[in-house]
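Colleague: return a 3D structure for these sequence lines:
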Amino acid sequence: MMLFTGGANTGLADEVADLLSMRLGGLHRSTFANGEIYDRPTESVRGADCFVMQSHSHPINENIMEHLIIIDSLKRASARRITAVMPFYGYSRQDKKVLPREPITARLIGDLFLTAGADRLVSVDLHSGQLQGFVSTPFDHLTALPIITDYLRERIDGPTAVVSPDAGGVKRAEKYARRLDASVAFVYKRREADQHNVSSALEVSGDVSGHHAVIVDDMIDTGGTVTNAAELVREQGALSVRIAATHAILSEPAIDRIKNSLIDEVIITNTLPVPPDVAQLDRIKVLSIAPILAEALHAIFMESSVSEIFLGDNT
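Modeller: Purely as a prediction, here's the structure:
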């Protein structure tokens with residue numbers, strides 16, 4: 001078993017390697033004057049079971065390209081099996097057509113990884129489960145739910161309501177609610193199809209009055225969806241409001257929106273690199289996904305069940 005990483009989130013890769021009691025595989029990484037990326041393994045990988053980790057973070061196109069190049073280099077160096085580990089799957093929101101002539105870029109990303117030589121894909125909390133069906137090779141879907149719910153149980157004492165910020169996330173909210181012994185609510189959200197990162201929260205379906213509300217989502221990008229939902233939930237009488245999201249994209253103006261909101265705490269993970277100044281904010285709590293990734297990669301290497309790790313909550 002060998003573990004390699006691109007340059008997007010080396011801290012997470014180091015944690016996973018430590019938990020697996022192994023070192024990261026050597027890579028010679030450089031960039032040509034015109035911006036072309038160069039990656040070459042510095043040791044033999046012939047016959048090895050190689051895992052290539054890369055978070056698809058900003059600059060997302062460069063990091064995806066580096067991920068593909070590393071996989072291609074390992075394939076040409078005769079690796080026995082290559083698993084692409086993407087804690088955050090880039091372009092995952094482009095998984096269907098909403099307007100005429102739209103691309104389904106999430107499918108394109110899957111095709112690119114198969115073409116590069118990946119035999120298996122691994123990701124955490126996909127935007128939608130249907131992405132697993134976009135590729136014809138095994139695709140392991142992990143979830144940060146156990147880590148986040150363990151933390152929430154220590155922080156919340158009293159009646160709890162798990163809130164989905166839109167109707168599409170109700171299944172995710174139900175999984176959280178089962179672990180937290182909580183009720184479920186969701187926010188009716190309107191989004192204009194021709195405008196990205198723009199939405200408005202209109203109404204809450206479900207009882208949040210007198211409850212500690214936990215708004216759960218797969219990602220926080222500009223923060224508009226969760227902060228609008230938090231404001232609406234507060235108006236409905238919630239005792240406290242927390243946000244729990246796996247992927248902290250945090251594009252501008254997400255941090256300003258969080259600072260100026262009625263949110264008590266934002267719980268995120270390190271599937272994407274979190275800048276130190278953001279991680280140190282009082283209302284931000286960063287949990288490490290490394291234990292789950294390490295356990296899942298070990299299970300894949302040993303040909304044992306990944307779903308058993310999550311008691312079926314990763315489906």
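
Colleague: isn't residue 206 up against residue 182?
Modeller: No. Residue 206 is beyond contact range of residue 182, at 10.7 Å (criterion: Cβ atoms under 8 Å). Where you see a C-beta, it was placed from the backbone N, CA and C, and this is true even at glycine.

Colleague: which neighbours do the two share?
Modeller: With contacts defined as Cβ atoms under 8 Å, 6 or more residues apart in numbering, the residues shared by residue 206 and residue 182 are residue 161.

Colleague: settle it for me: which of the two has more neighbours?
Modeller: residue 182 (23 against 19; other Cβ atoms under 10 Å).

Colleague: give me the phi and psi for the more buried one.
Modeller: For residue 182, the backbone dihedrals (degrees, to the nearest 10) come out as phi -120, psi 170.

Colleague: tell me the pLDDT at it?
Modeller: The model reports residue 182 with a pLDDT of 96.

Colleague: and what of residue 113?
Modeller: At residue 113, the pLDDT value in this model is 97.

Colleague: name the nearest residue to it, sequence neighbours excluded.
Modeller: Using Cβ to Cβ, 6 or more residues apart in numbering and skipping residues adjacent in sequence, the residue nearest residue 113 is residue 84, 5.1 Å away.

Colleague: show me what contacts residue 268?
Modeller: 220, 244-248, 274, 284-287.

Colleague: doesn't it belong to a strand?
Modeller: Yes. Using DSSP: H, G, I helix; E, B strand; the rest coil, the assignment for residue 268 is a strand.

Colleague: what about it, distance to residue 303?
Modeller: According to Cβ to Cβ, to the nearest Å, residue 268 stands 32 Å off from residue 303.

Colleague: can you give me the helices for the stretch 1-150 of the chain?
Modeller: Per DSSP state H, counting those that start in this stretch, the stretch 1-150 of the chain has helices spanning 10-19, 60-76, 105-116, 145-155. These are given in chain order.

Colleague: most tightly surrounded among the ones you listed?
Modeller: Of the helices of the stretch 1-150 of the chain, the one with the most neighbours on average (mean count of other Cβ atoms under 10 Å) is helix 60-76, at a mean of 20.

Colleague: tell me the angle that helix makes with helix 105-116.
Modeller: With axes from the mean of the first three to the mean of the last three Cα atoms, to 10 degrees applied, the angle from helix 60-76 to helix 105-116 works out at 30 degrees.

Colleague: now do helix 60-76: everything it contacts.
Modeller: By Cβ under 8 Å, 6+ apart, helix 60-76 touches 4, 6-8, 27, 29, 37-41, 45, 50, 52, 54-57, 82, 84, 86, 90-91, 109, 112-113, 116-118.

Colleague: mind checking which helix or strand residue 295 is in?
Modeller: helix 290-301 (DSSP states H and E).

Colleague: the bottom helix or strand of this structure by mean pLDDT?
Modeller: One helix or strand of the chain scores below all others by mean pLDDT, DSSP states H and E: strand 199-205, with a mean of 71.

Colleague: list the buried residues for the helix or strand just after that one?
Modeller: Note on strand 199-205: by DSSP H and E, the next helix or strand toward the C-terminus is strand 212-220. Neighbour-count burial for strand 212-220, counted by 16 or more other Cβ atoms under 10 Å, picks out 212-220.
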